[in-house]
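Undergrad: got a sequence here, can you model it:
(one chain, ligands or ions: 1)
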Amino acid sequence: MNQQPVLILGAGLTGLTTALELSKAGRAPVLLEKEDRPGGLARTFAHDGFKFDIGGHRFFTHDQGLEKYFLDLFGNRLAPVCRRSSIFKDGVLLRYPVSFLDAPRVFRLLGARAVFKVLRERFLAAGPGIAATTFEDWAQDRFGPEIYALFLGPYIAKFWGCAPAGISAAWASQRIAGVTPRAIFKSLFWQGGRPLKSFTRKFFYPENGIGELAERLQERLAGAAEIHCHAEVVGIRHAGRMIAEASTREKRYQAGAFVSTLPLTEFIDRLSPPAPAEVLAARRHLTFRDWIGVHLIMDRETFSRDQWIYFPDAAISFSRLQQGANWSRRLIQPGRGALLLEFLAGPGDRLSGLDDQALIALAVDDFCAKVRLLRPHNILGAKVTRIKNAYPVYKTGFAEHLRTVMGFLGGFKNLYLAGRGGRFKYLNMDHALEMGIKTAGNIQGQDYNLDLINAGEGFLG
Ligand SMILES: Cc1cc2nc3c(=O)[nH]c(=O)nc-3n(C[C@H](O)[C@H](O)[C@H](O)COP(=O)(O)OP(=O)(O)OC[C@H]3O[C@@H](n4cnc5c(N)ncnc54)[C@H](O)[C@@H]3O)c2cc1C
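TA: Residues are numbered from 1 along each chain as shown. Model prediction:
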């Protein structure tokens, strides 16, 4: 068995889990992480005595083995949290998943005729629907033009920063595959049995924020791996069909095997010698959405029971909010609450161009004047966090470009691509853990196909 040193690029959940599994096999991997601490997208930030995740991170999986793996990290002391989430549309707050009690509000938004039309044509229809190539076709076919125009179309346009016709149906089928109209209809009346992931009503959440998960992984790793923070990988040298070394600004690192959880695009950009022209051309079609969080401290713990609320309206600049107190009271201070407004942005667009003060002003203005759940004097403090490469964008046609890039990188015999950015795949935390476990297995001589992870029914965040 190969016992050469392993270098892991990126210490998010995938990198940490890969390291933990390798350490169980007696290996001592080295991790390079550009941030001040591990955890990646699943970090928790402290601000003024309050704690904020990058978005709210709920842990949920249908895989019992992964659930056990996760709970074991917390000494089996985590209790499930009950979910409560809503959609804010045209001034109306609607439970999501929709509850039967919301019927009057649905009638108000859609109008009675449209409700009956949707029920007759879509919700009572069985069958999986047409095979669509764009999100727009997929969603219109499944839910009808009325629901599409009201919720899905505008939300997707805001989330991805482009028309839904430009987003691949692959995103829908990976993310919300099991959400058929009939399933939604059934869920209005019957909530027993195995729920769709989209409608998961319970999840796990550590008391002090999701960042605790990376902390637990690090505790298990103590002494068994070297983790270098503030170590941004700026160069990756290759020769023949092998990766030879990765370098930071200070140091070069050689290894026998390299695991990369860096965004795939960054990995390609850092290669020396550069990738062939056709690979660089394909790479230019692969883009990520950046995440911007405006964290607000408010003069009350909560204003509703929701953990999160979606905002499809184009006139409201953020796409989702989170109320910390409803995730865990340890995230807030008595009498004051943590409110997070989440924005998605792309390079060169309006939101990316705003400085922190302008973003805070926009967020507070939209929240107070358009959502009207608080007034400006209820906001006591604010901070902005920006995360690059948070969401791989599944543009129509992306799969072919991804195949070109992966085909080229697959030629390196000692390279293992893993994780959400590393495989350009919409993964959740359970998938990140699974990828770490299986990547370590592959380094140890197993033959897991990582493409099969999250290839089935997805869940809508
Ligand atoms: C807003 C948001 C909300 C989410 N909510 C949920 C949820 O509710 N439930 C759920 O299960 N999942 C959720 N997720 C997904 C979850 O965060 C990811 O699946 C998981 O954290 C991915 O881990 P990873 O290690 O694969 O990737 P990452 O966390 O991206 O790790 C990659 C690491 O590489 C580092 N890195 C990047 N470039 C370099 C470089 N050049 N040199 C060195 N290091 C580098 C990064 O800093 C990072 O630490 C959410 C994601 C987002 C963005």
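
Undergrad: pLDDT-wise, which helix or strand of the chain ranks last?
TA: helix 181-189 (a mean of 61; mean pLDDT, DSSP states H and E).

Undergrad: and the next element down the chain from that one?
TA: Scanning forward in sequence from helix 181-189 by DSSP states H and E, the next helix or strand is strand 202-204.

Undergrad: and the pLDDT for the closest residue to residue 134 other than its chain neighbours?
TA: Nearest non-adjacent residue to residue 134, counting by C-beta to C-beta, 6 or more residues apart in numbering: residue 165, 4.9 Å away. For every residue, glycine as well, the C-beta is placed using N, CA and C. Confidence at residue 165, expressed as pLDDT, is 91.

Undergrad: give me the neighbour count for residue 165.
TA: 14 (other C-beta atoms under 10 Å).

Undergrad: please settle this for me: is it part of a strand?
TA: No. According to DSSP: H, G, I helix; E, B strand; the rest coil, residue 165 belongs to no strand; its state is helix.

Undergrad: for it, what are its contacts?
TA: 134-137, 396 (C-beta atoms under 8 Å, 6 or more residues apart in numbering).

Undergrad: count the neighbours of the closest residue to the ligand within the stretch 301-450 of the chain for me.
TA: Residue nearest to the ligand within the stretch 301-450 of the chain: residue 419 (2.7 Å; C-beta to the nearest ligand atom). For residue 419, the count of nearby residues is 32 (other C-beta under 10 Å).

Undergrad: residues contacting it?
TA: 10, 12-15, 261, 427, 432, 435.

Undergrad: dihedrals phi and psi, whichever residue of the stretch 101-250 of the chain sits closest to the ligand?
TA: Closest residue of the stretch 101-250 of the chain to the ligand, C-beta to the nearest ligand atom: residue 233 (3.7 Å). Residue 233 adopts backbone torsions of phi -80, psi 120, taken as degrees, to the nearest 10.

Undergrad: any idea how many residues pack against it?
TA: When neighbours are counted by other C-beta under 10 Å, residue 233 comes out with 21.

Undergrad: was I right about it contacting residue 247?
TA: Yes. Residue 233 is within contact range of residue 247, at 7.1 Å (criterion: C-beta atoms under 8 Å).

Undergrad: mind listing the helices for the stretch 151-300 of the chain?
TA: For the stretch 151-300 of the chain, the helices defined by DSSP state H, counting those that start in this stretch cover 153-160, 169-175, 181-189, 211-221, 264-269, 277-283.

Undergrad: which positions in this protein make contact with the ligand?
TA: 9-15, 32-35, 40-42, 54-59, 232-233, 261-262, 266, 291, 390, 419-421, 427-430, 432, 461 (C-beta under 6 Å from any ligand atom).

Undergrad: for ChimeraX, what selects the buried ones among those?
TA: A single ChimeraX command selects the buried members of the residues of the chain next to the ligand (16 or more other C-beta atoms under 10 Å):
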select :9,10,11,12,13,14,15,32,33,34,40,41,42,54,55,56,57,58,59,232,233,261,262,266,291,390,419,420,421,427,428,429,430,432,461
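
Undergrad: just the ones in helices from the residues of the chain next to the ligand, please.
TA: 13-15, 266, 429-430, 432 (DSSP state H).

Undergrad: widest-spaced pair of those?
TA: 266 and 430 (24.3 Å; C-beta to C-beta).

Undergrad: kindly check the end-to-end length of stretch 49-67 for me.
TA: 30 Å (C-alpha to C-alpha, to the nearest Å).

Undergrad: for stretch 273-290, that is, sorry about that
TA: 28 Å.

Undergrad: stretch 232-246 now?
TA: OK, stretch 232-246 end separation, C-alpha to C-alpha: 10 Å.

Undergrad: ok, stretch 228-244 next?
TA: Per C-alpha to C-alpha, the first residue of stretch 228-244 is 19 Å away from its last.

Undergrad: isn't residue 328 up against residue 207?
TA: Yes. When contacts are counted by C-beta under 8 Å, residue 328 is listed as touching residue 207 (4.9 Å).

Undergrad: hmm, back to that, contacting residues for the residue of the stretch 101-250 of the chain closest to the ligand?
TA: 9, 32, 34, 246-248, 262, 270.

Undergrad: again, only this time at 10 Å
TA: 7, 9-10, 32-34, 246-249, 253, 260, 262, 266-267, 270 (C-beta atoms under 10 Å, 6 or more residues apart in numbering).

Undergrad: hang on, the earlier thing: with pLDDT and distance to residue 373 as added columns, please give the contacts of residue 419 in CSV.
TA: As requested, those are exported to CSV (pLDDT from 0 to 100; distance: C-beta to C-beta, whole Å):
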residue, pLDDT, distance to residue 373
10, 98, 38
12, 98, 33
13, 98, 33
14, 98, 37
15, 98, 39
261, 98, 38
427, 95, 32
432, 98, 33
435, 98, 38
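
Undergrad: count of residues packed around residue 410?
TA: Count around residue 410 with other C-beta under 10 Å applied: 11.

Undergrad: measure it to residue 167 for me?
TA: Using C-beta to C-beta, to the nearest Å, residue 410 is found at 26 Å from residue 167.

Undergrad: repeat that for residue 415.
TA: 29 Å.

Undergrad: doesn't residue 405 lie inside a helix?
TA: Yes. Assessed by three-state DSSP, residue 405 belongs to a helix.

Undergrad: next, count neighbours for it.
TA: 23.

Undergrad: list the residues that contact it.
TA: For residue 405, the contacting residues are 264-265, 267-268, 275, 278-280, 282-283, 285-286, 417, 424, by C-beta under 10 Å, 6+ apart.

Undergrad: point out where the stretch 51-200 of the chain drops to low pLDDT.
TA: 122-130, 173-199 (pLDDT under 70).

Undergrad: residue of it closest to the ligand, please.
TA: For the stretch 51-200 of the chain, C-beta to the nearest ligand atom, closest residue to the ligand: residue 55, 2.7 Å.

Undergrad: isn't that residue right up against residue 429?
TA: No. The criterion here is C-beta atoms under 10 Å, and residue 55 misses it with residue 429 at 11.5 Å.

Undergrad: what sits in contact with each of the two?
TA: Each of 41-42, 210 lies in contact with both residue 55 and residue 429 under the rule C-beta under 10 Å, 6+ apart.

Undergrad: dump the residues you listed into a markdown table; add pLDDT as well.
TA: Output for these, formatted as a markdown table (pLDDT from 0 to 100):
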| residue | pLDDT |
| --- | --- |
| 41 | 98 |
| 42 | 98 |
| 210 | 98 |
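
Undergrad: mind listing which of the residues you listed are in strands?
TA: Taking DSSP state E, every one of those sits outside strands.

Undergrad: residues contacting the residue in the chain sticking out farthest from the centre?
TA: Computed with C-alpha atoms, centre = their mean, the residue of the chain farthest from its C-alpha average is residue 113, at 36.7 Å. Residue 113 sits next to residue 146 when contact means C-beta under 10 Å, 6+ apart.

Undergrad: buried sites along the helix or strand containing it?
TA: According to DSSP H and E, residue 113 maps onto helix 112-118. By 16+ other C-beta under 10 Å, the buried positions in helix 112-118 come out as 114-115, 118.

Undergrad: equivalent analysis for stretch 131-149, please.
TA: For stretch 131-149, by 16+ other C-beta under 10 Å, it's 132, 134-144, 146-148.
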